[in-house]
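**Student:** What follows is a predicted structure for the sequence shown.
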Amino acid sequence: DQDPYFRMTRDVAPRLGYHKPALLHSTFFPALQGPQSKMSASDPTSSIFLTDTPKEIEQKINKYAFSGGCDTKEEHEKHGGNTDVDVSYQYLTFFMEDDERLAEIKKNYESGKLLTGQLKKELIGVLQKLVGDHQARRAEVTMDVVKQFMTPRPLNFKLSA
């Protein structure tokens, strides 16, 4: 969504006497095991795939998602969790539509009111719906639909003088 602005800046900068800026901005999902590991298609436990079943999503999050919570419930309730390293929270920042709900989750997790299991349950619900919706839409795609999108058609640009 920011690409048009970068292109415009690259076009205008030389006219203003500046060098063309170079910019590459990317945000990557952490692997389920946390920032110290990488996602890999060869490791099915490192990420959630669009082909995963609801049960697989639940098992992966519960078993492999790195937690920013404390070792015991008592410690967590006293000190709270660390959302900067908690993979479940990080995933919610990408997929949760409701910013107010996300802020509430962050506040409650960091204060210790929300436990790691509850945070993971929240993520599981979001991902199961997202992946399920994707799978339903994908099932509706026929070869006729693919052909329609893959058939080249003439471009009718009108050039102005």
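**Tutor:** It's in.
**Student:** Excluding sequence neighbours, find me the nearest residue to the residue nearest to the spatial centre of the chain.
**Tutor:** Nearest to the geometric centre of the chain sits residue 94, at 3.7 Å (Cα atoms, centre = their mean). Nearest residue to residue 94, sequence neighbours excluded (Cβ to Cβ, 6 or more residues apart in numbering): residue 29, at 6.7 Å. (Each C-beta comes from the backbone N, C-alpha and C, glycine too.)
**Student:** The one you found reaches residue 95, doesn't it?
**Tutor:** No: assessed by Cβ atoms under 8 Å, residue 29 is found out of contact with residue 95, at 9.8 Å.
**Student:** any chance you could map the strands in this protein?
**Tutor:** Per DSSP state E, the chain carries no strands over any range.
**Student:** quick one: the helices in it?
**Tutor:** 3-12, 54-64, 73-79, 87-95, 99-111, 116-139, 143-150 (DSSP state H).
**Student:** Just name the most buried of those.
**Tutor:** helix 87-95 (a mean of 20; mean count of other Cβ atoms under 10 Å).
**Student:** got the CA positions of that helix in PDB?
**Tutor:** Presented in PDB, the C-alpha positions along helix 87-95 are these (Å, rounded to 0.1, in the frame of the first residue of the first chain):
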ATOM      1  CA  VAL A  87       4.500 -15.700  19.300                       C
ATOM      2  CA  SER A  88       0.700 -15.900  19.900                       C
ATOM      3  CA  TYR A  89       0.500 -12.200  20.600                       C
ATOM      4  CA  GLN A  90       2.800 -11.400  17.600                       C
ATOM      5  CA  TYR A  91       0.500 -13.400  15.300                       C
ATOM      6  CA  LEU A  92      -2.600 -11.600  16.700                       C
ATOM      7  CA  THR A  93      -1.000  -8.300  15.700                       C
ATOM      8  CA  PHE A  94      -1.100  -9.500  12.100                       C
ATOM      9  CA  PHE A  95      -4.500 -11.200  12.000                       C
END
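**Student:** Now do it and helix 99-111, the angle between them.
**Tutor:** Computed by axes from the mean of the first three to the mean of the last three Cα atoms, to 10 degrees, the angle separating helix 87-95 from helix 99-111 equals 170 degrees.
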